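J.: Got a sequence here, can you model it:
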Amino acid sequence: MSAAEKVDLLVTGGTVLTMNAGRELIRDGAVAIVGDTIRAVGTRSELAAKFQPTRTLDARGALILPGLINGHAHAAMSLFRGLADDLALEDWLQKHIFPAEAANVNEEFVACGTRLSMLEMLRAGITTYADMYYFEDVVACVTRETGMRGILGETIVDFPAPDNKTPADALRYTEKYLRDWENDPLVIPAVAPHAIYTCCEKTLLDSAVLARQHGAPILIHISEAPFEIEASKQKHGVSPIGYLAKIGFLGPDVVGAHCIWVDADDIALLKKFSVGCIHNPSSNMKLASGIMPVVDFLDAGHPVGLATDGAASNNSQDIFEEMDTAAKLQKIARMDPRALPAIQVVEMATIGGARALHLDRIVGSLEPGKKADLIFVDTNGPHATPMYDVYSQLVYALRGSDVKTVIIGGKLLMENHRMLTIDEEKTLCEARAYQKKLSGWAKLA
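T.: All right, here's what the predicted structure looks like:
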């Protein structure tokens with residue numbers, strides 16, 4: 001009899017949702033981890049016989065899932081949560097958010113807001129997120145310190161921003177940022193031209209060229225609101241997606257957030273260029289931006305991820321809430337209760353989200369060779385009982401607060417609801433101090 005293979009961690013006893021190609025579900029399952037990588041997935045008895053772990057985690061009574069993926073966020077904006085609510089997107093941005101950022105955002109603000117978002121996202125089982133903001137080098141530092149995984153894009157706009165006063169300054173900053181974070185195990189640096197209504201053609205193309213020189217992802221808001229569509233058709237004669245295709249911006253390295261106001265031709269273009277698309281249901285509803293036709297994208301075979309957007313436009317960074325909202329929103333929009341069933345929504349939060357971010361080779365499912373990013377979701381609460389279908393339960397009954405343990409790259413970041421890499425009390429205290437500061441600024445503005 002051969003000796004058992006040594007592994008660093010063996011997770012046992014829970015129900016494993018692999019989200020692999022066969023959507024294999026393993027009851028009384030187990031996951032073996034070596035370093036930051038999954039070594040094996042199988043039944044508890046099978047893996048216990050094969051492996052000798054340094055440490056074992058008992059996940060009985062829990063669902064073991066791939067870490068959830070938040071495909072679009074503005075992490076530092078958690079400090080603006082509730083500052084300017086019940087407004088249309090254009091007014092919200094131009095009259096409130098952009099002025100608030102100009103007056104308040106600096107490196108310290110970004111560090112505090114990002115850390116607050118890390119705390120909130122990790123507690124809700126998010127292990128990978130895509131970010132667009134300023135001082136993105138600071139965002140990257142906090143993300144790595146926390147142990148989270150992220151595609152982190154430095155925002156580029158045509159007007160003076162908190163960190164860079166011109167697009168040329170922003171591009172220089174971003175080039176250094178890309179070099180500094182190249183090949184980091186957790187942080188993927190990205191370039192994030194904000195949108196076609198905040199970036200001219202030159203800025204968009206300069207951003208794309210820079211990203212492609214470094215093999216970096218490109219993050220951008222696309223077709224988010226009616227004013228954007230109208231302006232694009234008046235100025236360029238085509239939709240925003242048609243315009244981005246015409247100027248050579250689109251490609252398999254692009255991730256487009258929102259993609260609400262699209263027709264069949266737009267969806268075909270996005271698919272042709274393999275652009276990742278991200279659905280932000282709660283934010284889109286709150287700003288009355290519109291409803292992304294998710295079913296049409298999926299019917300076309302185009303992967304769609306799920307996201308919270310920033311806490312200033314959503315007020316919550318809980319992907320469980322987004323799963324529930326996404327499913328119900330498509331049903332009422334199409335007047336069809338069969339639209340976007342629960343399993344498809346869970347896919348959007350895991351492997352589909354990974355595909356939309358072009359990261360499915362490393363995350364999104366529990367399979368040997370992928371990064372060991374997984375969460376335990378407690379199923380013992382009254383709202384989780386009884387459970388007939390795990391996908392339905394995840395979407396319609398379970399909550400972010402049911403996440404009890406989070407592992408990223410084989411490292412425990414939260415165990416039995418206890419944060420291990422973030423000082424929770426200090427983070428909340430610092431955020432409350434910003435509340436007082438921003439409340440004073442809002443009264444004076």
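J.: would you list every one of the strands in the stretch 251-400 of the chain?
T.: Remark: strands assigned in the stretch 251-400 of the chain by DSSP state E, counting those that start in this stretch are 254-258, 276-279, 304-306, 374-378.
J.: highest average neighbour count across those strands?
T.: Among these, ranked by average contacts under mean count of other Cβ atoms under 10 Å, first place goes to strand 276-279 (a mean of 30). Heads up, the C-betas are built off the backbone N, CA and C, glycines and all.
J.: Check which helix or strand residue 52 maps to.
T.: With secondary structure defined by DSSP states H and E, residue 52 is part of strand 51-58.
J.: Could I get the strands of the stretch 251-400 of the chain in CSV, plus columns for distance to residue 146 and mean pLDDT?
T.: CSV is the format used below for the strands of the stretch 251-400 of the chain (distance: least, Cβ to Cβ, whole Å; pLDDT from 0 to 100):
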stretch, distance to residue 146, mean pLDDT
strand 254-258, 22, 98
strand 276-279, 22, 98
strand 304-306, 21, 98
strand 374-378, 15, 98
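J.: Turn these into TSV, including distance to residue 121.
T.: Shown next, in TSV, are those (distance: least, Cβ to Cβ, whole Å):
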stretch	distance to residue 121
strand 254-258	16
strand 276-279	15
strand 304-306	13
strand 374-378	11
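J.: List the buried residues of the helix ranked longest in the chain.
T.: For the chain, the longest helix by residue count, based on DSSP state H, is helix 424-444. Across helix 424-444, burial judged by 16 or more other Cβ atoms under 10 Å covers 427, 430-431, 434, 438.
J.: least confident pick among those?
T.: By pLDDT, residue 438 ranks lowest within the buried residues of helix 424-444, coming in at 83.
J.: How much space separates it from residue 110?
T.: 14 Å (Cβ to Cβ, to the nearest Å).
J.: where does the stretch 51-200 of the chain have low pLDDT?
T.: For the stretch 51-200 of the chain, no stretch is flagged by pLDDT under 70.
J.: Pull the contacting residues for the closest residue in space to residue 267 that isn't next to it in sequence.
T.: Nearest residue to residue 267 in three dimensions, chain neighbours excluded: residue 300, at 5.4 Å (Cβ to Cβ, 6 or more residues apart in numbering). Contacts for residue 300 (Cβ atoms under 8 Å, 6 or more residues apart in numbering) come out as 267-268, 271.
J.: quick check, nearest of the buried residues of helix 424-444 to residue 236?
T.: residue 438 (37.3 Å; Cβ to Cβ).
J.: you'd agree the closest one is up against residue 83?
T.: Yes. Between residue 438 and residue 83 there is a contact at 6.5 Å, judged by Cβ atoms under 8 Å.
J.: Identify the contacts common to these two.
T.: With Cβ under 8 Å, 6+ apart, residue 438 and residue 83 have common neighbours residue 100.
J.: Listing partners with orientation, what would you give for the strand holding residue 52?
T.: strand 5-12 (parallel) (DSSP bridges).
J.: Now the partner strand: buried residues?
T.: Applying 16+ other Cβ under 10 Å to strand 5-12 flags 7-12 as buried.
J.: between the strands of the stretch 251-400 of the chain, which gets nearest to residue 411?
T.: Nearest to residue 411, of the strands of the stretch 251-400 of the chain and by Cβ to Cβ, is strand 374-378 at 11.3 Å.
J.: Restricting to C-alpha, output the closest one in CSV.
T.: Below are the C-alpha coordinates for strand 374-378, written out as CSV (Å, rounded to 0.1, in the frame of the first residue of the first chain):
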residue,chain,number,x,y,z
LEU,A,374,-13.6,28.5,-1.8
ILE,A,375,-16.2,29.3,0.8
PHE,A,376,-18.4,27.5,3.3
VAL,A,377,-22.0,28.5,3.4
ASP,A,378,-23.9,27.5,6.6
